[in-house]
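Q: only geometry, no sequence info:
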């Protein structure tokens, strides 16, 4: 089923309105990185920080996969929820998602499945697997509260109350920092400390989102005329392709890291790629909500949306170009991140290959926003297959022809994979017939 949603009529949207909507989203996305800095700096105070940070990082790697279905509720809710009935339908789907995630978490944490996953997939040694599972026993609850947060984020975003995302993130960071000071004072003994700090922060953010989101839901009409979302089956038809596509995308990172192990200097390749990728994510995170601009305003004033995105869309590539091709990058790596020598030089090379990624990423986000507006989320499944396929092909070619490129192979693979994804979505939007739009009604 296609759920194509539109506003009842076009009207002018000012740049001020777009900025007031987008700026809090960008700031909250950027602030997420600080939460990880708080946790890592706390764990580094332990007597044996290497093993403790490693146990936390490995458990977090699995959380990134198991949390993904909950995070997708943000786009689903902001696109589909327009009245109390559509919210109730989305909430029903969300509850099923939460129950499934928690069941999976208990299976991983309290059965031999967890040991098999961490030893077989993540390569954790027999001596350390128990510590990793202890961390995951706490982190699995992060998925639940992250899902609650994202569900109500969708309501908040549609009602243009995006300042509450920044407020929630600021309160979350304050709570995490206060708890980290407590653990630093009492002593950091395991990676569980990092998991507890992360869970505490997520509970805070979920509570803020729930408080504001519930007030907005109460103000919604019971049922809007002609709104197509009336039951959980309508929501599933939108959500299911997103979920399936996420199961494809989660293999991109592991595929890159696995293939980088076959370069001439595997350790240098993996470490330089990790440093460069973290910088890219830091720079591009602010611009990762273009799809919400499209979802909420494209049907209202497409010209204003195009103007706004053209004004900002090239900034990530410009910033990445400055870092990769000017002395600014060397200064940043040496004096801010603390990377020197051969690793610094290799990281610069990887950053140069990531300029294409920074150029493509904003426009892919815009195209995905158009997919959401048209309700054709099945297209994202195909685009993720294109991404994974071209990523893997580039990795094979790079390893076969130029293994001395080390981490640069991973950056080119990820950049070309994302370019393939963008081209797929752009062509699909052009040639796949758009369903007739259905009025969404006015905001409450």
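A: Okay, I see it. All values derive from a computational prediction rather than experimental measurement.

Q: quick one: the helices in the stretch 101-250 of the chain?
A: 112-116, 129-158, 163-186, 192-218, 232-249 (DSSP state H, counting those that start in this stretch).

Q: got CSV for these, with mean pLDDT too?
A: Shown next, in CSV, are these (pLDDT from 0 to 100):
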stretch, mean pLDDT
helix 112-116, 92
helix 129-158, 94
helix 163-186, 94
helix 192-218, 95
helix 232-249, 88
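
Q: Looking at these, which one is packed in the most?
A: helix 129-158 (a mean of 23; mean count of other CB atoms under 10 Å). Quick note: C-beta positions are derived from backbone N, CA and C, even for glycine.

Q: Quick one: list the elements packing against it.
A: Under the contact definition 3 or more CB pairs under 8 Å, 6 or more residues apart in numbering; DSSP states H and E, helix 129-158 sits against helix 49-66, helix 68-71, helix 73-80, helix 84-110, helix 112-116, helix 163-186, helix 192-218, helix 290-297.

Q: Looking at those, which is nearest to residue 123?
A: helix 49-66 (8.9 Å; CB to CB).

Q: Which strands or helices does that closest one pack on?
A: Using 3+ CB pairs under 8 Å, 6+ apart, the elements in contact with helix 49-66 are helix 15-43, helix 84-110, helix 129-158, helix 192-218.

Q: Mind doing that once more with 6 Å?
A: Applying 3 or more CB pairs under 6 Å, 6 or more residues apart in numbering; DSSP states H and E, one finds that helix 49-66 contacts helix 129-158.

Q: follow-up on the earlier one: could you dump the helices and strands packed on helix 129-158 to a markdown table with distance to residue 140?
A: Shown next, in a markdown table, are the helices and strands packed on helix 129-158 (distance: least, CB to CB, whole Å):
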| stretch | distance to residue 140 |
| --- | --- |
| helix 49-66 | 7 |
| helix 68-71 | 11 |
| helix 73-80 | 17 |
| helix 84-110 | 3 |
| helix 112-116 | 10 |
| helix 163-186 | 18 |
| helix 192-218 | 9 |
| helix 290-297 | 28 |
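
Q: Figure out which of those helices is closest to residue 277.
A: Among these, the nearest to residue 277 by CB to CB is helix 49-66 (13.4 Å).

Q: what's the distance between the residue nearest the centre of the chain and residue 167?
A: Among the residues of the chain, the one closest to the centroid is residue 71, at 7.6 Å (CA atoms, centre = their mean). With distances taken as CB to CB, to the nearest Å, residue 71 is found 20 Å from residue 167.

Q: cool, residue 362 as well?
A: 25 Å.

Q: now residue 49
A: Counting by CB to CB, the gap from residue 49 to residue 167 is 33 Å.

Q: again, but for residue 405
A: Separation of residue 405 from residue 167 (CB to CB): 45 Å.

Q: go on, residue 68?
A: Between residue 68 and residue 167 the computed distance is 25 Å (CB to CB).

Q: next one: residue 174
A: Taken as CB to CB, the span from residue 174 to residue 167 is 11 Å.

Q: would residue 255 count as being in a helix?
A: Yes: Residue 255 forms part of a helix when assessed by DSSP: H, G, I helix; E, B strand; the rest coil.

Q: Give me the neighbour count for it.
A: 18 (other CB atoms under 10 Å).

Q: likewise residue 413?
A: So residue 413, with other CB under 10 Å, has 27 neighbours.

Q: and the strand or helix carrying it, what's its mean pLDDT?
A: Residue 413 belongs to helix 407-431 when assigned by DSSP states H and E. Helix 407-431 comes out with an average pLDDT of 95.

Q: buried ones in it?
A: Residues of helix 407-431 classed as buried by neighbour count (16 or more other CB atoms under 10 Å): 407-426, 428.

Q: report the angle between the axes of it and helix 232-249?
A: Helix 407-431 runs at 150 degrees relative to helix 232-249, counting by axes from the mean of the first three to the mean of the last three CA atoms, to 10 degrees.

Q: what's in contact with helix 407-431?
A: 256, 260, 269, 272-273, 346, 349-350, 353-354, 356-357, 360, 363-364, 367, 370, 379, 383, 386-387, 390-391, 394-395, 398 (CB atoms under 6 Å, 6 or more residues apart in numbering).

Q: Okay, and which of these map to helices?
A: Among the contacts of helix 407-431, the ones falling in helices (DSSP state H) are 256, 260, 269, 272-273, 346, 349-350, 353, 356-357, 360, 363-364, 367, 370, 379, 383, 386-387, 390-391, 394-395, 398.

Q: returning to what we had before: is it possible to get JSON lines of the helices of the stretch 101-250 of the chain that adds distance to residue 296?
A: Shown next, in JSON lines, are these (distance: least, CB to CB, whole Å):
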{"stretch": "helix 112-116", "distance to residue 296": "40"}
{"stretch": "helix 129-158", "distance to residue 296": "6"}
{"stretch": "helix 163-186", "distance to residue 296": "13"}
{"stretch": "helix 192-218", "distance to residue 296": "14"}
{"stretch": "helix 232-249", "distance to residue 296": "16"}
